[in-house]
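Asker: got a predicted model here, sequence first, then my questions.
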Amino acid sequence: MTKKELELFELVVLNKFTSVEDITQARIDFIKKLIRGKGSQVLGKNYGKKMLAYPIKGFTAANSLQFLFLGNNELVKQINIELQRDEFTLRVLSRMVPC
C-alpha cells in the first residue's frame with residue numbers, strides 16, 4: 001500500500017447464497033486475506049441471508065457481508081477489481097466512513 005493518508009472504509013459484499021456455513025466462512029476468510037494482503041487491517045461481519053429487492057445475476061437471495069478496513073482510494077480500487085472478478089460475488093459497494 002502506498003503512503004497516502006489512511007481513511008476508514010466500509011465494504012459491503014453480496015455473495016451467492018449458500019446455506020453451507022463452511023463455504024460462507026471461506027468467502028469471509030478469502031476477502032479478509034485479500035484486504036490484509038494489501039497491507040491493511042480489517043474487521044468483518046456476516047449478516048447472513050438477505051432477500052434481494054430484484055434479481056441480481058439471476059439470484060433473489062444473497063449472503064450479506066460487511067467489512068471495515070483502513071486504506072486509501074487506490075486500495076479500494078484494487079479490492080473492487082479483485083472482488084468483481086470473483087465468481088461468487090454478486091455486488092460490491094464500498095464507501096468512505098465519515099469520522
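Answerer: It's in.
Asker: which residue lies closest in space to the spatially most central residue of the chain, excluding its sequence neighbours?
Answerer: Taking CA atoms, centre = their mean, the centroid of the chain lies closest to V13, which sits 4.0 Å from it. In this structure, V13 finds its nearest non-sequential neighbour in L65, 4.6 Å apart by CB to CB, 6 or more residues apart in numbering. For the C-beta atoms, the positions are set from N, CA and C on the backbone; glycine is no exception.
Asker: likewise L8?
Answerer: Going by CB to CB, 6+ apart, L8 has V97 as its nearest residue, at 4.4 Å.
Asker: next, the buried residues of stretch 74-84.
Answerer: Using 16 or more other CB atoms under 10 Å as the test for burial, stretch 74-84 gives L75, V76, I79, E82, L83.
Asker: from those, which land in helices?
Answerer: In helices, defined here by DSSP state H, the members of these are L75, V76, I79, E82, L83.
Asker: look at the spatially closest residue to C99 that is not a sequence neighbour and report its pLDDT.
Answerer: Among residues not flanking C99 along the chain, L8 sits closest, at 6.5 Å (CB to CB, 6+ apart). As predicted, L8 sits at a pLDDT of 94.
Asker: alright, calling it a day.
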